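Novice: Dropping a prediction and its sequence here:
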Amino acid sequence: MKFSAQASEPLVVFLLLIAAGLLAFYSYVYRREARQHHQITRRQLVMLWSLRILAGLLAVLALARPSLTTTQIEERPPVVPLLLDASSSMGFDDARESPLSQSSRQNRFESAKTAAYKLEEPLRQTHRVRLYTFSDALRLLKELPRRRHASDDPLRREEIFAAAEKSEGGNTVARPVLPVGEHSNIGDSIGDCLRDLTGERIAGLVLLSDGRQTGGTPLDKLAEQAKGLKIPVHAVALGSEFPLRDLSIEDVSVSGEASLGDVLTFHVKVVNQIQDPLTTELTLLEADAAAVAEKQRAGADDAELRKLFQPAGRRNVALRRGQRIVTVSTIPDVEGLRLYRLELPVQPDEVNTENNVFRVSVKVVKRTLRVLLIAGTPSREYRYLTPALLRDPVISLSSWLQSADVDYIQQGNISIDRLPETSKDWSAFDVAILQDVDPNGLSVQQIAGLETMVAKGGGLMIVAGRSQGLAKLLQVHAAKVRGLLPVEIDKAVHPDIDRYYEQPFAVERTPQGKSHPVMLASSDEKLNEQIWATFPKFYWSHAVGKPKPRAVVLLQSVEGGDCLMAIQRYGEGAVFYSGLDSLWLWRYPAESFDYDRFWTRIIRYLGETRLMGTQQQASLSTDRGSYAPGEEVKISLRILDPALMAQLARQTIYATISGTARGEYKAPLTAAPGGEAVFTGTYVARAVGMTDIRIRQPAPNADSEAKPLFDVSHGFQVQMQSLESIDTSADLEAMKALAEATGGLYFDYRNLSRLDELVKAIPDAPQILRRQVVIEVWDGVAFLLIFLALVSAEWSLRKWWGLL
Amino acid sequence: MVGAVMSKRCDTGSLRVWAALAVAVALCAPPAAGQRDGQADSKLQTEKEREAEFKARLDAARAGQGDAFTNAPAIEDPADEAQRLLAMRERDRGPQFPGRDPAFLVLPRAAERGNMPDTLLTPQVREMIEKGLTYLASKQDADGGWSDTQFQSNTGITGLSCLALMAEGSRPRVGKYGRRIDNGLEFLLKNVQTSGVIAGKGSNPYGPGYENAFATLAFLYGYGEMPRHPQARDIISRSLQAIANSQKLDGGWRYDFGREGRSDMSVTATVLWVLRTAKKSGFTVSSNSIARAVDYIEKCAMPDGNFRYCRDGLISEAGPGGAGIIVLCGNGTLDHPLVGVARNRIAYDYRRYTVDDLHNRNYFTFGCFYASLAMYMCGDTFWIPWYQKAHQVLATLQRKDGEFYDQHDNTVYSTAMALMALQAPIGYLSIYER
């Protein structure tokens, strides 16, 4: 306890002056009364003086505001705020493995409530528990009442998680809290909570969330703030690091036009968020597009439409978690516009079953590749090559064996009795193979026609051989053949027919060859390497100079690096060179399997422009399938064929973008640095709706009427998107980082069964509150009464004694 | 050679020879059901089970459920998937005959990347092949030809030897045995008679039918890669002309190049094989000539799948069955009723008899060679079990130097034929077709 004056120093000085003034006043009064002293005794005078001085002193003392200061000590339980994420992402399913899940489809918010319910009961005995919810802003749901004794009835769950709201009638009603918030501002909410509890001892802050933040203060900054305040943030993460349990077909890539009787392959982008691995079946169904459209117009539902589809293919697939491209193939048997339906079976507890189905239409046309094989002599390659080509249902082969008898009936699906002469004759063919040809058996006009065919999109394969060699061909037809060949050949160097070739040499694919479609014995790179490693060595190859600048070398000798296979684009077409005359050696170890398919790949590659209308060696894509308006769309054009890439070198490609908004937009795509065969560009998503990107690239220096080298298109969706649904996985890493940075504990579905440890980890030391109480003693009744008594006594005495 | 020996027997008409032949055939013929002992039945049952198991595994492989001969899981490969689909479609569609000639038969492609070659080419088989090739190469004469115990500097044996070396992957002047092949073909070039027949001094005394056929065959497979010898084409033409001129009145051929006399099944089948190869190599061959020869072969066939050596002969046996199948399939009649019967007969023979039984057969390598051509054509279901049994028999016929022998101690032709059969899984000799 301590006495003190509340008055300031100037006031004290002022009071002294007042005291001096009173003394002067009293002296004046004394002189006045001295004239009447004869009326009172000295004793009476002293008494009056004493009363007056006492009253004056009391007044001055009152003005000095004397006070009495005491210290009060209070103990309060610490506060534990429970922050419950009520954003809409908490409405997604919790991890199936979570011990909080009462069922396989319990949402994260329910799990969070269960966790909070488990925590509040023991915490209320030792702490003050404040329950907050948050999404875009923090909201105090309620401060839960203390639980004084363990025998007290627990709170009901519904009671805890209900918010008081005014009904339309003005009454207050309790409504359950639902996870419907459009945002998750975790950082801001924790900051607000800390501010709200300023002055309180926060034993620990418990955050129950999926950690998926859509905005506000970054969690790392918030963690610094909490760490500075020495407040641990305990993170209870709901959900799992994986997106929602869903199996979906994101996209299907397939040629818009297919050949009747040929393989039609669908590249299906499948996203597996079910389990790792998931073994399932991708089913391909086919229907007549017109029939389906008619049924749709008649109002048929999906189940009825499904009956129109017939099975066309299926594929068993083992999917790792995440995205994967799966291919499924079929052979169309019916011409016209066909509708294909790709289906994945619905998985147990799958959140979205609509995306298990994808429909795409393909125009099926009757078309074959006309191939003309001109061979000098019936070499072993010729013997194996002919049936290999004849086996392919899309290839229509005409063979011309130069050494054959005059009256010999040439082999092939379409037997010819003479070689094509004019450009018109040659235009009937799509691909020509010159296999060690005798140049004297080909006229200048025929070579000119061949060159025209290639320049207009046809394909040419030149196979060098030991009998004739290419030098002879160059000597006879230098003008055209030199330009067509992807490699430089010395026309003075003929094959040495007297030499014995007894030393084998190994061959290897160049880096470009390893990725070239022609050289892919399997799309699985590992398997591809294994297959190539099994092929035996060669003994003979044609001598070459160097490859042409725009040619792409695909195969070379291991020692010396001699070019053995090269390819180059020529006008709209392509030319393939092989300096090996014994590719039949690749018949071992898989008989005709790899050999036949190698030739099939070459012929289809060379004839692709004719078969499909344009080159298919370009793939257009965007980084995502859907965007919100204003988001940046990253466009990628991947060139699958190195030869095509070489042809497009140093060119800017323009993508035409059209959507629901009026007009078209041209986005430039430039080649990616580092030599990767990709052109990239960006576009800002605008009007809501479907937007299409299309690239029709003409050949360099081609006139405007020329057919494009390739014509690719891709679509993406622009739609208003909730930030909450962009990523449905929980951000466990962020939650863990926040807990670790602030010294808190972290829980997720893997260790939530040990949630009790959190209660033990929160300290229950009470908050000690010391409060000083200042009592101003002058400001009391007693003081007033004393003052009034003194003044009254002095006045009464004077009255009594007749001084008034 | 077996034909030579049998011809001699037929022509002599000696009772003693007939009796011996009857005994030999009786020993070779499958025993009656009642004669089968329990051990044989049990073995047969095991073989049947093995075949059933093999078929099941093969079907599983075709269905994409696993590899045919290992437990490896099916490989997921989109490219293979597309190709497999095409192959399945082709298989359903069956063989095709592009153009207008049945010689240009195209069989459906394999649906799966099988590992038949590695399954069959075990280290033991590879060693047998290596030793055999070394032996064959070492036996080449200085003039480039090959000789045998009974046949010196023989063009037929030279042709077979060249084909055996070609089966390794070598070509004239190219490859490990390129020099040997080139020398062998040069030897053949030197032994062309004015009539066009390719036969030298060491030919069969009954006529050079086999010699000419095998030598022509070697030329046909080699001449496309013989730029040093442009005359090869003319030589083949002349040989084919000689063959055409020597077709006998009954439709077939025999050793001699005269039109009169009786034909035999073995030479006729070999000549038909040559003619078919010639057609595929750019030579014009009379369709009528082939039709008559095929008719002859059909008349040699017996309902049980065996073929008689001569059309009007009394004895039939399994040996020429392979040749019969090649002729009928080569003529584009894969569904000929005789093909299945003959094929099953061969398959039965190799299942039914023990290695020792087959080893003791006369001219086993000769029959084995033709059977290999036939069984290869019939697909893995028949080919793999047949090969696995055949190589066991051939192993018993191989000596330490690598040669295979017959009962007359001929080692070169039998080695060449055995090597062609053993190297068939490698797939480098297009006489083995699918």
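Specialist: Ah, there it is.

Novice: Which parts of the stretch 701-804 of chain A are strands?
Specialist: For the stretch 701-804 of chain A, strands defined by DSSP state E, counting those that start in this stretch occupy the ranges A:710-718, A:746-747, A:767-776.

Novice: mind checking the SS state of whatever residue of the stretch 251-400 of chain B ends up closest to chain A?
Specialist: Residue nearest to chain A within the stretch 251-400 of chain B: residue B:282 (3.2 Å; C-beta to the nearest C-beta). Using the backbone N, CA and C atoms, a C-beta is placed for each residue, glycine as well. When classified by DSSP: H, G, I helix; E, B strand; the rest coil, residue B:282 comes out as coil.

Novice: How about the contacts made by it?
Specialist: Neighbour list for residue B:282: A:378, A:401, A:403-405, A:408 [criterion: C-beta atoms under 8 Å, 6 or more residues apart in numbering or on different chains].

Novice: so where's the stretch 151-300 of chain A uncertain?
Specialist: A:168 (pLDDT under 70).

Novice: And the residue of it closest to chain B?
Specialist: residue A:263 (4.3 Å).

Novice: Quick check: phi and psi on the nearest residue to the residue of the stretch 251-400 of chain B closest to chain A once chain neighbours are set aside?
Specialist: Nearest residue to residue B:282, sequence neighbours excluded (C-beta to C-beta, 6 or more residues apart in numbering or on different chains): residue A:404, at 3.2 Å. Dihedral pair for residue A:404: phi -70, psi 160, per degrees, to the nearest 10.

Novice: Residue A:404 reaches residue A:415, doesn't it?
Specialist: No - look at residue A:404 against residue A:415 with C-beta atoms under 8 Å: they stay out of range, at 11.5 Å.

Novice: tell me the pLDDT at the nearest residue to residue A:232 once chain neighbours are set aside?
Specialist: Take residue A:232 and drop its neighbours on the chain: the residue closest to it by C-beta to C-beta, 6+ apart is residue A:744, 3.8 Å away. Looking at residue A:744, its pLDDT stands at 94.

Novice: what does residue B:77 give?
Specialist: Looking at residue B:77, the pLDDT reads 52.

Novice: How about residue A:613?
Specialist: 59.

Novice: And for the one 5 residues further on?
Specialist: The per-residue pLDDT reported for residue A:618 equals 77.

Novice: beta partners for it?
Specialist: Beta bridges link residue A:618 to residue A:639 when assigned by DSSP bridges.

Novice: Show the contacting residues for it.
Specialist: A:637-640, A:644, A:695, A:697, A:710, A:712.

Novice: out of those, who has the most neighbours?
Specialist: In terms of neighbour count, residue A:710 stands highest of these at 27 neighbours, by other C-beta atoms under 10 Å in any protein chain shown.

Novice: ok, now which ones touch residue B:224?
Specialist: A:377-380, A:382-383, A:403, A:467, B:281.

Novice: Going by distance to residue A:452, which of those residues wins?
Specialist: residue A:382 (26.0 Å; C-beta to C-beta).

Novice: so that closest one makes contact with residue A:388?
Specialist: No - contact criterion C-beta under 8 Å: residue A:382 and residue A:388 do not qualify, at 10.5 Å.

Novice: More neighbours: which of these two?
Specialist: residue A:382 (29 against 25).

Novice: Now do residue A:103: how many residues are near it, please.
Specialist: Count around residue A:103 with other C-beta under 10 Å applied: 10.

Novice: Could you check how far the spatially closest residue to residue B:399 that is not a sequence neighbour is from residue A:249?
Specialist: Spatial nearest neighbour of residue B:399, chain neighbours left out: residue B:405 (6.6 Å); criterion: C-beta to C-beta, 6+ apart. Using C-beta to C-beta, to the nearest Å, residue B:405 is found at 66 Å from residue A:249.

Novice: of the two, who's got more company?
Specialist: residue A:249 (21 against 18).

Novice: Beta-bridge partners for the more buried one, please?
Specialist: Bridge pairing for residue A:249 - DSSP bridges - gives residue A:270.

Novice: ok, now which ones touch the residue nearest to residue B:329 when sequence neighbours are not counted?
Specialist: Leaving aside its sequence neighbours, residue B:329 sits nearest to residue B:377 (C-beta to C-beta, 6+ apart; 5.5 Å). Residue B:377 makes contact with B:325-326, B:329, B:432-434, according to C-beta under 8 Å, 6+ apart.

Novice: and the longest helix along chain A, what does it pack onto?
Specialist: Criterion DSSP state H: the longest helix present in chain A is helix A:9-34. With contacts taken as 3 or more C-beta pairs under 8 Å, 6 or more residues apart in numbering or on different chains; DSSP states H and E, helix A:9-34 sits against helix A:42-63.

Novice: Show me which residues of the helix it packs on are buried.
Specialist: A:44, A:47-48, A:51-56, A:58-63 (16 or more other C-beta atoms under 10 Å in any protein chain shown).

Novice: Need the contact partners of it.
Specialist: A:7, A:11, A:14-15, A:18-19, A:22-23, A:26, A:29-30, A:33, A:37, A:40, A:778, A:783, A:786-787, A:790-791, A:793-794, A:797-798, A:801.

Novice: make it 7 Å
Specialist: For helix A:42-63, contacts defined as C-beta atoms under 7 Å, 6 or more residues apart in numbering or on different chains pick out A:7, A:15, A:18-19, A:22, A:26, A:37, A:778, A:783, A:786-787, A:790-791, A:793-794, A:797-798, A:801.

Novice: Now go through these and say which are in helices.
Specialist: A:15, A:18-19, A:22, A:26, A:783, A:786-787, A:790-791, A:793-794, A:797-798.

Novice: Surely residue A:236 forms part of a helix?
Specialist: No - under the criterion used here (three-state DSSP), residue A:236 is strand, not part of a helix.

Novice: Hmm, residue A:206 and it touching each other?
Specialist: Yes - the pair residue A:236 and residue A:206 passes the contact test of C-beta atoms under 7 Å, sitting 6.5 Å apart.

Novice: So which bits of the stretch 501-650 of chain A are right by chain B?
Specialist: A:501-502, A:520, A:522-524, A:527, A:539-540, A:584-585, A:587-593, A:596-597 (C-beta under 7 Å from any C-beta of the partner chain).

Novice: hmm, which of these are the buried ones?
Specialist: For those, buried by 16+ other C-beta under 10 Å: A:501, A:520, A:522-524, A:527, A:539-540, A:584-585, A:587-593, A:596-597.

Novice: Sitting in helices, which of those do you find?
Specialist: Reading helices off those with DSSP H, I get A:527, A:592-593, A:596-597.

Novice: Present the residues you listed as TSV; the columns should include distance to residue B:421 and pLDDT.
Specialist: Listed next are those as TSV, based on distance: C-beta to C-beta, whole Å; pLDDT from 0 to 100:
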residue	distance to residue B:421	pLDDT
A:527	31	84
A:592	19	85
A:593	22	86
A:596	24	89
A:597	27	86
